[in-house]
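A.B. asks: my questions concern the predicted model and sequence given below.
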Amino acid sequence: MNKTLSHSYVYFALQGDDFDPNEVTIALGIEPTDSWKKGDKGRYIPNQKFASWMWSTGKGKESIFLEKLVEEVIDKFGDKVEVINKLKYDYQLTSVLEIVMYIDVNTEESTPALGHNLKTIEFLYQTQTVTDVDIYRYDSAETEE
């Protein structure tokens with residue numbers, strides 16, 4: 001079985017037209033893994049079209065049971081529901097739980113599983129957070145030597 005690390009990860013983001021991500025950091029007491037203001041230079045575009053604050057799990061931690069990555073995010077933000085909702089109201093923000101899933105099409109490898117427990121569903125409901133899943137494929141057999 002191939003021992004390559006997964007590229008899958010999960011992040012929670014607060015996004016809005018124009019706000020200062022530092023205000024979110026102060027209110028939550030959590031350092032973001034990435035953030036930007038509207039108009040900042042983007043990685044793939046000249047200027048960001050909106051502002052964003054996000055916290056992400058690391059890549060390579062889990063390849064089969066993605067729910068563990070989701071739970072890591074929920075554990076980080078589970079006691080911040082009131083703060084998140086106040087930020088969303090004050091700055092007119094939206095929130096997203098983004099799941100970036102890499103599926104190995106090598107038939108020798110297992111494919112990932114994803115589900116949400118009730119704790120996750122409750123957090124998503126209480127904060128009115130949408131989920132989005134991006135799925136990418138790769139073949140680990142092509143990278144083996």
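C.D. replies: Received it, and whenever you're ready, just let me know what you need.
A.B. asks: longest strand in the protein, please.
C.D. replies: Across the chain, the longest stretch assigned as strand under DSSP state E is strand 94-104.
A.B. asks: C-terminal to that strand, what's the next element?
C.D. replies: For strand 94-104, the succeeding helix or strand toward the C-terminus, using DSSP states H and E, is helix 118-126.
A.B. asks: ok, residues contacting that next one?
C.D. replies: Contact with helix 118-126 is made by 67, 70-71, 74, 77-78, 81, 85, 97, 116, 129-131, as judged by Cβ atoms under 8 Å, 6 or more residues apart in numbering. Just so you know, the C-beta spots here come from the backbone N, C-alpha and C atoms, and that holds for glycine as well.
A.B. asks: for Ala27, give me the backbone phi and psi.
C.D. replies: Dihedral pair for Ala27: phi -70, psi -40, per degrees, to the nearest 10.
A.B. asks: I'd assumed Tyr89 was in contact with it.
C.D. replies: No. Applying Cβ atoms under 8 Å as the test, Ala27 and Tyr89 come out as separate, 11.8 Å apart.
A.B. asks: more neighbours, those two?
C.D. replies: Here Ala27 and Tyr89 are compared on neighbour count by other Cβ atoms under 10 Å; more neighbours surround Ala27, at 17 against 9.
A.B. asks: contact partners for that one?
C.D. replies: Ala27 touches 83, 86-87, counting by Cβ under 8 Å, 6+ apart.
A.B. asks: quick revisit: need the contacts of helix 118-126 in TSV with neighbour count, distance to Gln15 and secondary structure, can you?
C.D. replies: Formatted as TSV, the contacts of helix 118-126 follow (neighbours: other Cβ atoms under 10 Å; distance: Cβ to Cβ, whole Å; DSSP: H, G, I helix; E, B strand; the rest coil):
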residue	neighbour count	distance to Gln15	secondary structure
Glu67	19	24	helix
Val70	25	19	helix
Glu71	18	22	helix
Ile74	21	19	helix
Phe77	19	15	helix
Gly78	15	20	helix
Val81	15	18	helix
Asn85	15	15	helix
Leu97	22	12	strand
His116	17	21	coil
Thr129	20	11	coil
Val130	11	11	strand
Thr131	14	14	strand
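A.B. asks: any chance of these in a markdown table, plus distance to Asp34 and pLDDT?
C.D. replies: As requested, the contacts of helix 118-126 are exported to a markdown table (distance: Cβ to Cβ, whole Å; pLDDT from 0 to 100):
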| residue | distance to Asp34 | pLDDT |
| --- | --- | --- |
| Glu67 | 23 | 88 |
| Val70 | 18 | 93 |
| Glu71 | 21 | 93 |
| Ile74 | 19 | 97 |
| Phe77 | 16 | 97 |
| Gly78 | 21 | 95 |
| Val81 | 22 | 98 |
| Asn85 | 22 | 98 |
| Leu97 | 15 | 97 |
| His116 | 24 | 92 |
| Thr129 | 18 | 98 |
| Val130 | 19 | 97 |
| Thr131 | 19 | 96 |
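A.B. asks: with that, I have no additional questions.
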